[in-house]
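Participant: Only the shape, not the letters, is given here:
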């Protein structure tokens, strides 16, 4: 069974640009969450989607947005990139709300 | 407002000894707890979980203990191995049917475990 797949693995963007990250969850999983990891800050929750609906949103500016498609694949978009957006972005999928989340390898975004 | 706290940023133990990683939480709605292990440049890997109806869950070398009254949980690794060296994250969420729709996992900031040969 394939795990959670995130693309691309690495990305370098310039300040002011926008970026779209992609996540394919484990087959059958309908919940997809996104997290940002920066040094010393742990995993900061961005948002969670379930059956194409955003269910929860973390404390991030509106520049961060996402969506989920009918096949449960999800995308995350960051507009007007800032240097502080440089981080490892992690996607996780869950079978149901009260089961463990499985993470992808992450996308390392560097903003220069 | 940090609802899940891992107060030790790092821990160093000798190979073969016990590693004890601690986690405290403040949200009384949390009753499902998980531990994850993370190597650099990789996604976290699920290790073990526990729900509030239990106070202990064991899986091989890994045991999680939950003290609900103290809002505290710990992960014990026995015996510790050099390959266990990684960052360990504690996470928590409300269980299904607890009301509302906020089942998101809230993570602590992690503890870097180093197991010395």
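Facilitator: In hand now; what should we look at? Bear in mind that the values here come from a model prediction, so they are computed numbers and not experimental data.
Participant: elements contacting the worst-scoring helix or strand of chain A on mean pLDDT?
Facilitator: Lowest on mean pLDDT, DSSP states H and E among the helices and strands of chain A sits strand A:53-57, with a mean of 89. If you count contacts as 3 or more Cβ pairs under 8 Å, 6 or more residues apart in numbering or on different chains; DSSP states H and E, strand A:53-57 packs onto strand A:42-50, strand A:64-68. For every residue, glycine as well, the C-beta is placed using N, CA and C.
Participant: repeat that with 6 Å
Facilitator: strand A:42-50 (3 or more Cβ pairs under 6 Å, 6 or more residues apart in numbering or on different chains; DSSP states H and E).
Participant: one step back: report the distance from the least confident helix or strand of chain A to the chain centre.
Facilitator: Centre-to-centre, strand A:53-57 and its host chain are 13 Å apart (Cα atoms, centre = their mean, to the nearest Å).
Participant: Check which residues of that strand are buried.
Facilitator: A:55, A:56 (16 or more other Cβ atoms under 10 Å in any protein chain shown).
Participant: low-confidence ranges in the chain?
Facilitator: Here I'm looking at chain A. Filtered on pLDDT under 70, chain A yields the residue ranges A:1.
Participant: Chain B, not that one
Facilitator: Ranges of chain B meeting pLDDT under 70: B:1, B:95-102.
Participant: ok, which stretches of it are helices?
Facilitator: In chain B, no helices are defined using DSSP state H.
Participant: Quick check: beta-bridge partners of residue A:11?
Facilitator: Under DSSP bridges, the beta-bridge partners of residue A:11 are residue A:109.
Participant: Touching, it and residue A:109? I think so.
Facilitator: Yes. Proximity of residue A:11 to residue A:109 meets the contact threshold set by Cβ atoms under 6 Å, at 5.0 Å.
Participant: of the two, who's got more company?
Facilitator: residue A:109 (20 against 15; other Cβ atoms under 10 Å in any protein chain shown).
Participant: and the more buried one, how far is that from residue A:58?
Facilitator: Going from residue A:109 to residue A:58 by Cβ to Cβ, to the nearest Å gives 17 Å.
Participant: try residue B:6
Facilitator: Applying Cβ to Cβ to residue B:6 and residue A:58 gives a distance of 19 Å.
Participant: The two: who's more crowded?
Facilitator: Ranked by neighbour count (other Cβ under 10 Å), residue B:6 and residue A:58 place residue B:6 first, with 20 against 16.
Participant: Could you pull up the residues touching the more buried one?
Facilitator: Residue B:6 is in contact with B:23, B:90, B:108, B:109, B:111, counting by Cβ atoms under 6 Å, 6 or more residues apart in numbering or on different chains.
Participant: what residues are up against the first one?
Facilitator: For residue B:23, the residues meeting the contact criterion (Cβ under 6 Å, 6+ apart) are B:6, B:73, B:90, B:108.
Participant: my read: residue A:77 touches residue A:67, true?
Facilitator: No. Residue A:77 is not in contact with residue A:67 according to Cβ under 6 Å; the separation is 8.0 Å.
Participant: mind listing the strands for chain A?
Facilitator: A:5-7, A:10-13, A:19-24, A:31-38, A:42-50, A:53-57, A:64-68, A:74-78, A:87-94, A:102-103, A:107-111 (DSSP state E).
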